[in-house]
Structures are given as C-alpha cells and as structure tokens.
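Enquirer: Build me a model from this:
(2 chains)
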Amino acid sequence: MSVLNSRPVLRWLVPASAALAVIGGGAAIGALTAAADPSLPPRSAAQLLVDVQTARLDGLSGTVVQRADLGLPALPNVGRQGSSDLTSLVSGTHTLRVWYSGPDKARVALLGTLGETDVITNGRDLWIWSSRENTATHRTLPADDAAKATPTPSADALTPELLANAVLAAIEPTTAVTTDGSAKVAGRDAYELILAPRDTASLVGSVRLAIDATEHVPLRVQVYARGGGDPAIEVAFTQVSFARPNPEQFVFNPPPGATVVEEGTGTAPSDPAKPDGNKPDGNKPDAARPDSNKPDKAGPGVAVIGKGWTSVLVARLPAQPADDKPNAKPDQGQGLGDFTALIEQLPKVSGTWGSGRVLTSRLFSVLLTDDGRILVGAVSPERLYQAAADPAAKLGP
Amino acid sequence: MSAVDSPPAVASRPVRRLSTRFLRSELWMIFGRRRNWAGLAVLAAVPILMAIAVKVSGNGSGSEGGSGPDFFASITDNGLFVALAALTVELGLFLPIAVAAISADAISGEANLGTLRYLLAVPVQRTRMLAVKYTAVVIFAVSATLVVAVTGILIGLALFGGGPVTLLSGAQVSFGEGLLRLLGICAYLSAGLAALGAIGLFVSTLTEQPIGATIAIVMLTVASFILDSIPQIEWLHPYLLTHWWMSFGDLLRDPIGFDAIRSGLFTAGAYAVIFLTAAWARFSGRDVTS
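Expert: Have a look, this model is predicted:
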C-alpha cells in the first residue's frame, strides 16, 4: 500500500482497469465470437439448398432478434421500441422467443417491455394472446390444413426458418446464388448462402442466409438494400436449442378475466392475420376509397408487371385498406385511423401515368394512385411510374 | 503530499474484529432520520393512491380503455398487480431519487455537517468507511423497493383480493408463485438501484454539497432514460444502467426469460465495481478539510 500512499494518483488505475476490463472484455468476447469463423468443409450452394429443403426438424426453441431498418417514414403509434404489437415489427429491434415441435405445435412470443404477444398453434387450435389488450383470439384451423398449417403469415416472417423458405421459393434464374465461407450464429457453426438479384434495378442488394452446419436450419436471414449499409431486415437467432420443447409450451388456456374472441373456422392460412379485425370499423377512411369520379368498372383485379426481383404487383385498392400491402406486415387493430393519417403524410407525385402518393423505403416502394390502384415492388419509384403507365396495369376490363 | 496520513498508523495496529457497530450506526442515520421517514412514506403512498384510484373509478383501464400505465388493467383482477404497477411507475423517478438522496448523503453529507473528520479521527479506515456506507446504501435500496412492494400487496389484497396470477404470457400461476416472482423482481430492481447507489457514493466523494450530488445522480438517471428512448443510438443502450431496469417483466413470463435479467445484473455489477473503486480511489487520497 505504500506505493499508493506516496502516489495517490496510482489508485485511479484500479477503477480505470475495472472499466477497461468490463468494456474491453465485452468487446473482446463480441469480436472473438464474430471473428472466429469456424472451419467447415466447403459446401456448394446447391448442396446447401438441398440441405435446407430436406432438413428434418424435430423441435427447436430459442431467442430470435429481429431488426428492421427499412427507412420508412415515421408511422404514428407504430414501431415503438419495446412495444409488443405485431405491427411494431416493421421498424426497430424486437426480441422474440420461439418454440417449435412439429408443424402443428409452434409458439412465437413477441416480447414487449412489459407486455407480450403470443401466437400459438397446437393441433387445430390457433391462439393469439395479447397481454396488453388482455385479449385471446381463438381460431380453429380447417382439418386438412392442420397438418401443414403455419402459425399465420405474420408469424411466418418471424422465424428465420420460415422466412428463408419463402425466399428460397422465389429463386429463379434471376438470382445469383453463391456461398461465402462460414459464420457463427448463436454460438453455432453455420454456412453462409448469398442470394443476389441479377437485375440491378431491384432495391434488394442481397439476401444472406446463415445455415446451421449440422441441423441445416437457417439461423440468420439478412436482407441488404442495394444502397449498402446495415441490413434492412435482419432476423437472427441469438440462442437456439434443438431439443424438443416441453409440450406444455403449446398449451394455452385463456386466463379468467381476459376477453376471448372466437373467430370460428375456415380461415385459410394464406389470409392475412387480423387478430382484432372484428373491431367495429365505424371510421372507415374516405381518403383511401377509390376516387368517385372514376366509375368502378373493374372488379378487384391483380396484375404483375415485369418478372423476378423487379416485378411490380398492381392491385385495385380495396375499400377497406387494412390488408392492401402484400409486402408489409399485416395491419391490425387501430390501423384504420393510422392508415388514413399515414396516407395523407405521403408525398404527392404525378406524371404521365396519372397522380398519386408514393411511399419509399430502402427495400420496396409503394405507389397509391388517385384512381384507386396500388403498386408495390422492390424497385425505385420511377419503375413504379413506368409500371403504372403500362396498359396491363390499368386493370380495366 | 500530506493527503493521506492515517493509514500507516492504522496498518500497524492489531486488526480489529469485524464489528457491526459502525454499520448499525449508519443504518440508524438512514432509517432514524425523519426526512428519510417522509421519503419512505411518499414511496408507500404511491401504491395506496393507485389502488384507491382504481377502486373508486371501478376499472383499471380507464374510460377510453387500455391507456393506463402497465399492469393497471390487471389490478382489478388481482391485488398483486398493485405492487407491480407501483414499482413500474416509481422506477422512473421516485426510487432513483430516494437512492440518489441517500447515497449522495453518505460522504458529502458528513462533510457538509463537518462530522467527516471526526469520523475519520475515531479512527475508521477510509476503505472500511466506504464499505460500510455502501452496505447501508444497498440495504436502503432493498428496503425502499420492499416498502413499495409490500404496501402494494397489502393495499391490493385489501381492496381487490388475491388469487391465481396471470402472467404476461397468458398462463396462470398460484398466488404463492406470484409472490415469489414479485420477490425476485424486487431483488432484481434492488440490484439496479444499488448500482445507482455506487455511482451516488462516488459523486458523494467529489463534493461537500449533498444536494448537488443528489441532483447530479437524478440528472444522470433521467439522462440515461432519455438516451435509452432515442432509437438512433441503439448501440449505446446496452451500456446504459437504466436500459435493463424494465426487463424485470421477463420474470413474469412463462417460461421465465433470463437473458435480459442476466445482462441487467451484469451491467449493474459492472457499474457498481467501477464506481466503487473510483470512489475508493478518490476518497482514500482526498484531503478531508471539513
């Protein structure tokens, strides 16, 4: 102690080294796990694709962190950090816990700060539980679909596994598929598979999949925008276990005092999830309705302009605009009022194709024309204007 | 270089048995003071007011539905949620203020009153003094949390009754397990507040004005909350002490999620170690003039 007594300044070395140890230690662990690329035997892209398609998964549980940085305009009441609403997934960082034990037993819990939204399938029962609203929504899946039913499309996008399958299904000659060594995700060795659109007009730069080396399950999905930068969407396991979860995880009994909404049967799994879709929509927005000066001669039609990554989806805007954005996550709950407000905030555009409002993000653009059409694509707004002028996009009879 | 004069003399003496007398006198200083009694009464008043307000209005969610603070809607179902709602509300300001006031008072309060040099002349080793002061702060942090929780449970049971507790995941557990989880939440929150107390102790060694130290710590807490709400600096959030406090909700899930709890405890521990050693570095080499 005599050194410290004669030189009191030296005492400060103790807190300084403690701070260094904590910060440096944390950073070193992060760097080590990130940099330590496991040495795996090389595997071709085709082999990996087959691995993924043939992966047999008994059970899985883990924690998933989902990040979305789409560069969307600030949405009112949407995307708050720590919110447990499903709509909040379009921006910010969210943590989900996932349990999976066969196609008919799955549970996804979106963790809010002091709330939780659960989507649980167990056999033919589908439950959506919202702690914030103290509401449990029950749906009975059709018998023949029960075997292959997935928890709802909103949950589809949530696990890396399901999201990857959706991406792989879209592979065409339009895509350059390559591998990029190996990575470590959630402490497990993984191969990296890169899908890059050949068409440079697409806003999607590349999609990177990290595939578990032993279980062949995608552990991480990153979607990069063509503009570069951080991933626009990233869904990654931070912790995963391939042991079959306890069956009790999939048993849900609505607690007493909760509102239970029965939505009956017959809902095909391809329908957008609308847990609170039964709310009375007395304030149906007028602004979103097809303009009245153009008689509604065409029925609700859908057309696709272009192909591959740059294809543009054209649809007649439905009277109720809650589920008109195939690319976006499902709109729910108080979405109607917000939706009108959102549309009115969008910048107005016009051209030879007509006029409307455009929403741009890092990955996709949406054009709402004043004559009641909606165009969506992973392309720049200019491409959408071209598509809007296309005769096939008129959707007329 | 006369900054430190006592330790060599003390070191040559036979080591005294560990006595709790100093700690007991510290605790008496904290819990015997009337102003601290008033502070604890304010902490206890919040759950009582909340429970009465909910009871009088007849529902927890307010007239427009679901707009109340967290856990308010569940209060009418189970009295235990009064404690949870009160902890959630007070965690934002009241509890940090209480801990800030006590920890800031630890050294600078004595210095301000002019009693610090007498205390050191007893003689008490400075390191031991810091240890005892911090122990007292930790005990206060635990008691402050428990005061809120226990008052909440009592008033909640009196007005709304008990019964099985509905967790955030929608599952139900027995009232006993609910109490156990609430105890775990109190322990977790106390750890976070104790880390804040370590910062307070350090600030307290820097000044002779306890009120200045209190304000500094409260400002630090509020700044931390503000930084935590800015999404553009997300990389910074895990390093903020207050970022992890609200993770106590993970103890109310089924199954319990320990990831954030673990990170929160680690962060609190890191803050405590850094600032306690800093307090030691500052205090043991400091001229005590008052």
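Enquirer: count of neighbours near whatever residue of the stretch 151-290 of chain B ends up closest to chain A?
Expert: Using CB to the nearest CB, the single residue of the stretch 151-290 of chain B nearest to chain A is residue B:285, 3.1 Å away. C-beta: built from backbone N, CA, C; applies to glycine. Taking other CB atoms under 10 Å in any protein chain shown as the neighbour definition, residue B:285 ends up with a count of 18.
Enquirer: Settle this for me: it is touching residue A:10, isn't it.
Expert: No: Residue B:285 sits out of contact with residue A:10 when judged by CB atoms under 8 Å, with a separation of 9.2 Å.
Enquirer: picking that back up, quick one: the residue of the stretch 151-290 of chain B closest to chain A is in a helix?
Expert: No: membership of residue B:285 in a helix is not supported by DSSP: H, G, I helix; E, B strand; the rest coil, which gives coil.
Enquirer: Contact residues of the stretch 151-290 of chain B facing chain A?
Expert: Proximity of the stretch 151-290 of chain B to chain A (CB under 8 Å from any CB of the partner chain) is limited to residues B:164, B:166, B:168-172, B:229, B:231, B:234, B:246, B:249-250, B:253, B:255, B:257, B:259-260, B:270, B:273-275, B:277-278, B:280-281, B:284-285.
Enquirer: one more time with 7 Å, if that's ok
Expert: B:166, B:168-170, B:172, B:231, B:234, B:246, B:249, B:253, B:257, B:259, B:270, B:273-274, B:277-278, B:281, B:284-285 (CB under 7 Å from any CB of the partner chain).
Enquirer: Please list only the buried members of these.
Expert: Buried members of these, scored by 16 or more other CB atoms under 10 Å in any protein chain shown, are B:166, B:168-170, B:172, B:246, B:249, B:253, B:257, B:270, B:273-274, B:277-278, B:281, B:284-285.
Enquirer: Restricted to strands, list those.
Expert: Among these, DSSP state E puts B:166, B:172 in strands.
Enquirer: among the buried ones among the residues of the stretch 151-290 of chain B next to chain A, which are in helices?
Expert: Judged by DSSP state H, the subset of these located in helices is B:270, B:273-274, B:277-278, B:281.
Enquirer: Adding distance to residue A:237, write those out as JSON lines.
Expert: Output for these, formatted as JSON lines (distance: CB to CB, whole Å):
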{"residue": "B:270", "distance to residue A:237": "26"}
{"residue": "B:273", "distance to residue A:237": "31"}
{"residue": "B:274", "distance to residue A:237": "32"}
{"residue": "B:277", "distance to residue A:237": "37"}
{"residue": "B:278", "distance to residue A:237": "38"}
{"residue": "B:281", "distance to residue A:237": "42"}
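Enquirer: what's the lowest-pLDDT member of those?
Expert: Note: of those, the lowest pLDDT belongs to residue B:281, at 90.
Enquirer: Please tell me how far it sits from residue A:8.
Expert: According to CB to CB, to the nearest Å, residue B:281 and residue A:8 sit 8 Å apart.
Enquirer: For residue B:180, see how far away the residue lying closest to residue B:173 once chain neighbours are set aside is.
Expert: In space, not counting the residues next to it along the chain, residue B:173 is nearest to residue B:165; the distance is 5.4 Å by CB to CB, 6 or more residues apart in numbering or on different chains. Distance of residue B:165 to residue B:180, computed by CB to CB: 10 Å.
Enquirer: Show me which of those two is the more surrounded one.
Expert: residue B:165 (25 against 13).
Enquirer: Quick check, the more buried one in contact with residue B:175.
Expert: Yes: when contacts are counted by CB atoms under 7 Å, residue B:165 is listed as touching residue B:175 (6.3 Å).
Enquirer: Contact partners for residue A:192?
Expert: A:179-183, A:208, A:210 (CB atoms under 7 Å, 6 or more residues apart in numbering or on different chains).
Enquirer: now those: which count as buried?
Expert: Neighbour-count burial (16+ other CB under 10 Å) applied to the contacts of residue A:192 gives A:179, A:182-183, A:208, A:210.
Enquirer: Which pair of these spans the longest distance?
Expert: For the buried ones among the contacts of residue A:192, the farthest-apart pair by CB to CB is A:182 and A:208; their separation is 12.3 Å.
Enquirer: What are the phi and psi values at the closest residue to residue B:238 other than its chain neighbours?
Expert: Sequence neighbours aside, residue B:263 is the residue nearest to residue B:238 in space, at 6.9 Å (criterion: CB to CB, 6+ apart). Main-chain torsions, residue B:263, degrees, to the nearest 10: phi -60, psi -40.
Enquirer: What's the separation between residue B:263 and residue A:99?
Expert: Here residue B:263 is placed at a distance of 22 Å from residue A:99 (CB to CB).
Enquirer: Which residue ranges of the stretch 51-200 of chain A form helices?
Expert: With DSSP state H, counting those that start in this stretch as the criterion, the stretch 51-200 of chain A has helices at A:143-146, A:153-156, A:160-169.
Enquirer: okay, stretch B:37-53 in CSV with CA atoms only?
Expert: Output in CSV follows, covering the C-alpha atoms of stretch B:37-53 (Å, rounded to 0.1, in the frame of the first residue of the first chain):
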residue,chain,number,x,y,z
TRP,B,37,-39.1,8.5,7.0
ALA,B,38,-41.0,11.1,5.0
GLY,B,39,-39.3,9.9,1.8
LEU,B,40,-40.3,6.3,2.5
ALA,B,41,-43.9,7.4,3.3
VAL,B,42,-44.0,9.0,-0.1
LEU,B,43,-42.8,5.8,-1.8
ALA,B,44,-45.5,3.9,0.1
ALA,B,45,-48.2,6.5,-0.7
VAL,B,46,-48.0,5.8,-4.5
PRO,B,47,-49.4,2.2,-4.4
ILE,B,48,-52.1,3.3,-1.9
LEU,B,49,-53.2,6.2,-4.2
MET,B,50,-53.1,4.0,-7.3
ALA,B,51,-55.2,1.3,-5.6
ILE,B,52,-57.7,3.7,-4.3
ALA,B,53,-58.0,5.5,-7.6
